[in-house]
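Chemist: Everything below, folded, please.
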Amino acid sequence: MSEKITSFEDLECWQACRRLRIFIAKTVVPTLPKEERYGLASQILRSARSTTANIAEGYGRFHYLDNAKFCSNARGSYFETLDHLITANDENMIPNEMLSKGRQLVNEATKILNGYIKYLRRQASSPDNQ
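Modeler: Reported below is the predicted structural model:
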C-alpha cells in the first residue's frame, strides 16, 4: 500500500472486484438464456455487485475490524459468483473459456483482498491504534 488511499475506489481489492463485476455484467449475463433472466442472471449479478459494495461499506466504517468483516463478506460474494459461473458452465450456458476468465478474476481478487484483510487485522492489533 504505497500510494495514499483517499477513497475506496483507490483500493486495489475494490478495483479487482470491479473487474469481476464488469465481466459478469457485460460478458456473462448477456450470454445467459432469456429464461434465466430472473434466475441465475439475477443471482450472479447480485453476488458480483455485492463484492464491491461490501468493500465500499467496510471502508466507510473507519474501524479496522469492521472493515475486515465487510471484506470477508466481499470474499464470500465473489466465491458465490464463481459458484454461479460453475453452475452456468455445468448447464452449458457459458463456455469453458468464460468460466476460466471468471476463475482468473476471482483468483486475482482473492490474492489482493486477502492481503488487505491481513493489513487491516495487523492495524487493528497495533498498539498505536488502540
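
Chemist: Which strand or helix spans Glu3?
Modeler: Glu3 belongs to no helix or strand when assigned by DSSP states H and E.

Chemist: can you pull the pLDDT of it?
Modeler: The score at Glu3 is 75. That number is its pLDDT.

Chemist: Let me know the pLDDT of the closest residue to it other than its chain neighbours.
Modeler: Nearest non-adjacent residue to Glu3, counting by CB to CB, 6 or more residues apart in numbering: Asp10, 7.0 Å away. Where you see a C-beta, it was placed from the backbone N, CA and C, and this is true even at glycine. With respect to pLDDT, Asp10 has a value of 97.

Chemist: next one: the one 10 residues further on
Modeler: In this model, Leu20 is scored at 98, pLDDT.

Chemist: List the contacts of it.
Modeler: If you count contacts by CB atoms under 8 Å, 6 or more residues apart in numbering, Leu20 has them with 48, 51, 78, 81, 102, 105-106, 109.

Chemist: so where do the helices sit in this structure?
Modeler: For the chain, the helices defined by DSSP state H occupy 12-23, 40-59, 64-90, 96-125.

Chemist: can you give me the offset of the last one from its chain's centre?
Modeler: Spelled out, it's helix 96-125. 8 Å (CA atoms, centre = their mean, to the nearest Å).

Chemist: what do you get for stretch 114-130?
Modeler: 21 Å.

Chemist: Also stretch 14-29?
Modeler: Stretch 14-29 sits 9 Å away from the centroid of its parent chain (CA atoms, centre = their mean).
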